[in-house]
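[1] Everything below, folded, please.
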Amino acid sequence: MSRSLPISALRTLALPLMLLLGAAAAQAAPPRFEDSMAQRLQACTGCHGEQGRATPDGYYPRIAGKPAGYLYRQLLDFRDGRRHNAPMAALLAPLSDQYLREIAGHFAGLDLPHAPPQPASVSAEVLARGRRLALQGDPALGLPACAGCHGQALTGTAPDVPGLLGLPRDYLNAQLGAWRLGRRNARAPDCMARIATALAPADIGALSQWLASQPVPAHARPAPALPGPLPEPCGSVDTQGAAR
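    The predicted structure is shown next:
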């Protein structure tokens with residue numbers, strides 16, 4: 001004939017069981033969601049790298065630390081069809097202008113170390129040509145210096161013009177080529193399309209090689225304003241450097 005355990009024994013057995021069940025439930029609980037812009041923008045890291053630092057594949061650009069006005073304009077252009085990338089368009093389609101401003105402000109506020117520059121794979125003569133185009137331009141071809149808009153240090157100018165240092169060579173080639181072929185557009189007058197069209201393919205290669213091989217100064221930030229009047233009309237920037 002079976003005997004029932006006393007109440008005190010049942011209580012003694014129940015306590016460890018309850019502790020085990022509580023621990024198992026705690027382990028199975030989903031992690032707490034951090035409702036912050038950094039958490040919401042995890043979708044961007046698959047292409048643009050952790051915190052927008054860029055990935056090593058050489059095609060997707062770093063977005064951390066870019067001027068807020070520039071980032072905002074690019075988000076608008078992807079959403080509204082002036083720039084063409086299906087994943088970007090799908091991600092941005094339901095988002096309001098105000099939310100795009102918040103995304104741009106988040107990435108613009110990040111000050112993160114840059115990766116080392118890419119070693120050049122061309123001759124010193126080609127690099128010298130790239131340097132001249134970036135810092136002096138080529139008046140005979142109607143090409144202004146990149147530094148005239150992108151800043152003397154080529155780290156961009158606030159609020160609207162991006163830096164050119166710290167970008168992968170393949171990305172630079174792809175974007176200049178897209179402007180040259182009419183596959184990337186900005187608001188008229190599209191100064192970059194005009195400049196890219198005037199660049200020979202060899203000059204695009206020289207520019208991208210030189211720019212990608214330059215180190216980014218520590219804690220580089222966009223200059224507070226353009227170095228002078230715009231060298232030519234540009235629909236995305238007014239003469240005071242304010243974003244349109």
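[2] residues near Q152, how many?
    Per other Cβ atoms under 10 Å, the neighbour tally for Q152 reads 13. Just so you know, the C-beta spots here come from the backbone N, C-alpha and C atoms, and that holds for glycine as well.
[3] Ok, Q214 next?
    The local packing of Q214 (other Cβ under 10 Å) involves 19 other residues.
[4] quick one: secondary structure of the closest residue to it other than its chain neighbours?
    Excluding the flanking residues, the one nearest Q214 by Cβ to Cβ, 6 or more residues apart in numbering is L165, at 5.3 Å. Secondary structure assignment for L165 (DSSP: H, G, I helix; E, B strand; the rest coil): coil.
[5] Contact partners for L165?
    Neighbouring residues of L165 by Cβ atoms under 8 Å, 6 or more residues apart in numbering: 114, 153-155, 211, 214-216, 220.
[6] okay if I get those as a markdown table plus pLDDT, distance to R101 and secondary structure?
    As requested, those are arranged in a markdown table below (pLDDT from 0 to 100; distance: Cβ to Cβ, whole Å; DSSP: H, G, I helix; E, B strand; the rest coil):
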| residue | pLDDT | distance to R101 | secondary structure |
| --- | --- | --- | --- |
| H114 | 90 | 25 | coil |
| A153 | 95 | 26 | coil |
| L154 | 97 | 26 | coil |
| T155 | 95 | 22 | coil |
| L211 | 98 | 28 | helix |
| Q214 | 97 | 31 | coil |
| P215 | 96 | 31 | coil |
| V216 | 94 | 26 | coil |
| A220 | 88 | 23 | coil |
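[7] Which single one of those is nearest to C234?
    Of all these, C234 sits closest to L154, with 16.9 Å by Cβ to Cβ.
[8] residue contacts, A153?
    A153 makes contacts with 165, 217, 220, 223, as judged by Cβ under 8 Å, 6+ apart.
[9] just the buried members of these?
    By neighbour count, with 16 or more other Cβ atoms under 10 Å, the contacts of A153 hold 165, 220, 223 as buried.
[10] I'd like those residues laid out as a markdown table, including distance to A120.
    Formatted as a markdown table, the buried ones among the contacts of A153 follow (distance: Cβ to Cβ, whole Å):
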| residue | distance to A120 |
| --- | --- |
| L165 | 14 |
| A220 | 20 |
| A223 | 25 |
